[in-house]
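Asker: Curious how this folds, go ahead:
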Amino acid sequence: MNRKLLHKDLIGGTLLIIVGIAVLTHSVAYHIGTLVQMGPGFFPFFLGLILALVGCGIAVQGYLSVHAEAVSEKPAANKALRPEWKAWILIGLGMVAFVVLTKYLGLVAGTFAVVFISALGDRGNNLKSAGLLALAMVTIAVVVFWWALQIQLPLFKWGAV
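Answerer: Residues are numbered from 1 along each chain as shown. Next up is the predicted model:
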């Protein structure tokens with residue numbers, strides 16, 4: 001198979017399969033248990049299984065699309081896979097901002113920062129759409145993590161205490 005024909009979905013699906021199998025193999029070292037009495041290995045086992053199955057679906061879809069491009073009379077322009085540096089950098093910065101801002105300013109500031117900064121990594125987002133997405137995710141995070149699950153993370157705080 002020509003290297004130029006490798007599709008992003010095929011590569012991504014294969015990586016998901018590898019990570020899923022790695023999680024699955026490490027989780028069997030723990031007691032899995034049953035649905036009624038779940039052991040510490042239950043969640044990672046099924047998470048790895050689901051991850052591997054989703055990876056299989058994505059890889060098969062990528063393989064079929066590569067095959068369809070190869071068979072078609074007029075193949076689409078084969079673009080080399082280039083890393084999206086802006087997205088990589090902004091997503092990494094978003095995670096760092098979440099850790100720092102959540103520690104010093106609380107859940108609301110940390111959640112807003114990670115979503116806003118990471119959303120700017122997508123070419124289709126502008127400041128307005130990233131801000132609206134961040135506000136929606138802050139609302140969801142407050143309802144789910146602070147109110148429903150009652151995670152001991154303050155909504156607002158000032159300083160490291």
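Asker: Show me where the protein has its helices.
Answerer: Secondary structure of the chain (DSSP state H): helices at 8-27, 42-71, 85-105, 107-119, 127-141.
Asker: worst average pLDDT in those helices?
Answerer: Looking at these, the lowest mean pLDDT belongs to helix 42-71 (a mean of 85).
Asker: Closest to the centroid, which residue in this protein?
Answerer: Nearest to the mean C-alpha position of the chain, counting by C-alpha atoms, centre = their mean, stands residue 91 at 10.3 Å.
Asker: what number of residues lie near the closest residue to residue 32 other than its chain neighbours?
Answerer: Nearest non-adjacent residue to residue 32, counting by C-beta to C-beta, 6 or more residues apart in numbering: residue 41, 4.5 Å away. From N, CA and C alone the C-beta is placed, and that goes for glycine too. Residue 41 is flanked by 18 other residues according to other C-beta atoms under 10 Å.
Asker: how close does residue 44 sit to residue 125?
Answerer: Using C-beta to C-beta, to the nearest Å, we find residue 44 at a distance of 33 Å from residue 125.
Asker: now swap in residue 145 and tell me
Answerer: On the measure of C-beta to C-beta, residue 145 and residue 125 end up 24 Å apart.
Asker: ok, now residue 138?
Answerer: 16 Å.
Asker: now swap in residue 17 and tell me
Answerer: Counting by C-beta to C-beta, the gap from residue 17 to residue 125 is 29 Å.
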